[in-house]
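Novice: Take a look and give me a structure for this.
(chains A and B)
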Amino acid sequence: MSSPVRPGAACPATPYRLPAFWVVIALLATGAVRMSQILAKFLDSYPIATITALALFALLAVPFWLFVQELDFFEREPAGLLVLAFSWGGLVATSVSIPGSTAVENLIAKLGSPGLAADWGAALAGPTVEEIAKTLGVIAVVLIARSQVNSVLDGVVYGAMVGLGFQIVEDIVFAIGAVALAGQGDQVQPVITTFLVRGFLAGVWSHTLFGALAGAGIGYLVVSTDRGRPRRVATAALALFGAWASHVLWNSPLFREGLGNGAVALLAVLVFKGLPPLVLILMLVRRAHDREAEYYVARLQGLDDPEVITEGELRALGSGSRRAAARRHAAEKAGREARATVRRLQRAQARLAVELSRASEQTDQPHSDVRRHRATLIALGHPEAVEGLRSWRHTASAIGTAAVAIAVLWVALSALGGA
Amino acid sequence: MGTVTRRHLTDLPSTPGLLSALVLVAILAGLCLGLPALDRAVPAQRAIPGGEPYRVGAGVTVVPPAGATLDVTGTRPGEDRATALFRLGAVRYSIAVQPFSGDLPQAAVRLRQRITDTSGYQVTGTQLAVSTAGGLAGLQGGYTAGDRGGRYAVFVAHGLTIEVTVSGADLDLDHTLPAIDASTKTLRYEGGR
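Specialist: Numbering: from 1, shown residues only, chains lettered A, B, ... in the order given. Predicted coordinates:
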């Protein structure tokens, strides 16, 4: 479902004259007031637990933020819009979802039965309200900065950022809910448990992932103007449905019974309910990334200037893993300075590709940056930023890291399963 | 140097942008105001047969007071944990069952803590021992929140805690507490979780 890049403006347009901008700001302010009221109640009842939850989940947001930000290596999204997307998820989508989800769950109990609500209420109510509220955040970004959504990958990034904001705030609310339920006063232990379960184990396949899928649909809707409107709308709706279905599967009572409460049961839940959407969405993100990279690499290829980019570098620049391999190769051959210079060269090449795609007149600076970094690399004795042969050290390191990750996961599963 | 037009300054013409933003506001309002309004419009209370045990869940049953209705918004049956919410006029009578590994005093401390964690709520009077017709031993006490009063009772049996909370205006409570106390005494663990 990925589509070609539609180059946007060189820099974000000034949004202050857009009425839509002020509508979005008003919504954010309203959400901020509502969530501040909830936070004030938490701080009043459980100050230590609340501050601990804020600190832990704020820390958890950092690696997610960096990962999502890095997804679009070529055309990074403006920080202001990323903050807006995150804030929408954390302030608007959450404050809308709290009453909305409760109402839907009540309606399931009223129109169905309390038993149906007990089994499927959380699986149906939460995803139905939350996925719509989050997707509206990507639409809000489009409304105030259409030129900054020029590929499916941009939709993925904004959608994931909305989902991340939602996930972090929801986790804090759940953590304090666990403190209240424990009935032991202002204790941090329920916060730690919530952090391990919702942040660490369930965090990977949570709102960030669902938001990325729904955002990809909005990206396609906005970018693929060469397709008919019905097809674009249907694709966006399908992506939203996919996010909803993944969320329903994750919240569903399936696999809850019959496997006990041990580590194996938790692992089964993670594998059967979390892994399929995770793999599917990561494949989609990778395809969107590769299609976008292919487009920008083609702009550089057209220069036919080996001082700007060589054939080997063109190949490396088109993939995140090959870019990382080129940096590792530089470090092995010429040290840490060469690694850092390769990173700077790749960034400059990416900036140049984006400027070329915009037919911009502002290509002098990235051109000169590329040549400067090239000169540094030549001086370091490593003139070309290409991948080397796969070394045994890297393979051993990858296997070791995977083994440690599996061991940590197993210990966490055992501890939580036995709890 | 060309002239900078409104089109250059903005990504979308302002009118469609504003209309789209208002549609967005309308959808959000539908989610956070419309759905709760629809929820309020659909009645939550269900009649329950008088004098017959009601299966709360997790193997626990209770005979509700005569004239009580079941509020389905606060009722969630389950295998391991469950809640049931009955209403007698303006009085709430709630039963919550959940796994618990401690003893009765610990369960009582936990429930009292949860009550007093709520802003404005205070536990009043002393705690008394109670028991049910089915042999469950428990503790009960009272609490207050402004012009509203409440009673609580907690029982521990078979790895479960059964928490009973009753709340309402003082006058309403005076009228209904005898019937609710009688109902609480019918709490029974029947197993078969």
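Novice: Check what pLDDT the most centrally placed residue in chain B gets.
Specialist: Centroid check for chain B by C-alpha atoms, centre = their mean gives B:Gly74 as the closest residue, at 4.8 Å. B:Gly74 is assigned 97 on the pLDDT scale.
Novice: what's the answer for B:Gly125, then?
Specialist: Confidence score, pLDDT, at B:Gly125: 84.
Novice: and residue 127, what element?
Specialist: No chain specified, so I'll use chain A. Assigned by DSSP states H and E, A:Pro127 belongs to helix A:114-144.
Novice: that's the other chain; I wanted chain B
Specialist: strand B:122-131.
Novice: and if you look at A:Ala268?
Specialist: Here A:Ala268, judged by DSSP H and E, is contained in helix A:263-269.
Novice: Low-confidence ranges, chain B, go.
Specialist: Applying pLDDT under 70 to chain B picks out residues B:1-16, B:192-193.
Novice: can I see the domain layout of chain A?
Specialist: A:19-290, A:302-388 (automatic domain parsing).
Novice: and what of chain B?
Specialist: Taken from automatic domain parsing, chain B resolves into B:6-41, B:45-189.
Novice: Assign the residue nearest to B:Arg46 when sequence neighbours are not counted to helix, strand or coil.
Specialist: The shortest distance from B:Arg46 to any non-neighbouring residue, by C-beta to C-beta, 6 or more residues apart in numbering or on different chains, is to B:Leu70 (4.6 Å). Using the backbone N, CA and C atoms, a C-beta is placed for each residue, glycine as well. Assigned by DSSP: H, G, I helix; E, B strand; the rest coil, the conformation of B:Leu70 is strand.
Novice: Can you tell me how far A:Ala18 is from A:Leu164?
Specialist: To be clear, residue A:18 is Leu; Ala isn't right here. Counting by C-beta to C-beta, to the nearest Å, the gap between A:Leu18 and A:Leu164 amounts to 25 Å.
Novice: how many other residues sit next to B:Gly138?
Specialist: Residues near B:Gly138, counting by other C-beta atoms under 10 Å in any protein chain shown, number 25.
Novice: Run me through the strand neighbours of the helix or strand containing it, direction for each.
Specialist: Assigned by DSSP H and E, B:Gly138 belongs to strand B:137-145. Note on strand B:137-145: by DSSP bridges, its sheet partners are strand B:122-131 (antiparallel), strand B:148-157 (antiparallel).
Novice: who's in contact with the first one?
Specialist: So that's strand B:122-131. B:108, B:112, B:115-116, B:137-145, B:153, B:184-185 (C-beta atoms under 8 Å, 6 or more residues apart in numbering or on different chains).
Novice: Could you pull out the buried residues of it?
Specialist: Neighbour-count burial for strand B:122-131 flags B:Val123, B:Gln127, B:Val130 (criterion: 16 or more other C-beta atoms under 10 Å in any protein chain shown).
Novice: how far away is the second one from chain A?
Specialist: Which is B:Gln127. According to C-beta to the nearest C-beta, to the nearest Å, B:Gln127 and chain A sit 15 Å apart.
Novice: Checking B:Thr165 next. Helix, strand or coil?
Specialist: strand.
Novice: Let me see the residues that make contact with stretch A:45-65.
Specialist: A:39, A:42-43, A:82, A:86, A:161, A:164, A:167-168, A:171-172, A:175-176, A:179-180, A:185-188, A:190-192, A:194-195, A:199, A:203, A:208, B:117-119.
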